[in-house]
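>>> Just a sequence and a predicted model for now, questions to come.
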Amino acid sequence: MNMSDLPVADPENFVGEFHEMDLSEIKEQTFLVALSTGDRTKPRFVPESVCGPLNFFEMVEVVANIHMDLQLHAKAIIPSKKFGERPKVLDVSTIDYIEAKYAEILMEALLMGELEKNYSCKAGFVSYNKEEQNETDSMGLLSK
């Protein structure tokens, strides 16, 4: 089956843990994420909670953190670059899928090398002062 022929999941009967959703169409997008409010099928969110811009994998992490830490659902918004054009908002099934499979999605990114690492330190070197260097080179193997 061609990926473009895949159906959009019906939110009434959708359980994210039991499906495999093709997310390739949205992986190159830039997102804003906010707390969902009211009817999850509507594009409503708490304006004070908007964060972004985020790439796909950052969005997945924020959506998962909102779900795990706050026990709330998020809205993932793809803003338009054209003034007056409505932004796209990921549907309930897609958000449910991300909440259910975020670990697998992020592991895929890690294996593909698409996640930036936040390093906490860098490689270090032992430094020798002149006296220590002479002591360690008692055999005269190192050039002076």
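Received, thanks.
>>> Next up, phi/psi of His73, please.
phi -100, psi 160 (degrees, to the nearest 10).
>>> Verify the stated contact: it with His67.
Yes. In this structure, His73 is within contact of His67 by CB atoms under 8 Å, at 6.6 Å. Placement of C-beta: from N, CA and C, glycine included.
>>> Name the residues contacting each of those two.
Counting by CB atoms under 8 Å, 6 or more residues apart in numbering, the common neighbours of His73 and His67 are Glu99.
>>> Return the set of buried residues in whichever strand or helix holds Lys101.
Per DSSP states H and E: Lys101 is located in helix 92-112. Within helix 92-112, the residues scored as buried using 16 or more other CB atoms under 10 Å are 92-102, 105-106, 109.
>>> Kindly report the same for stretch 80-91.
For stretch 80-91, the buried set under the neighbour-count rule, 16+ other CB under 10 Å, comprises Val89, Leu90, Asp91.
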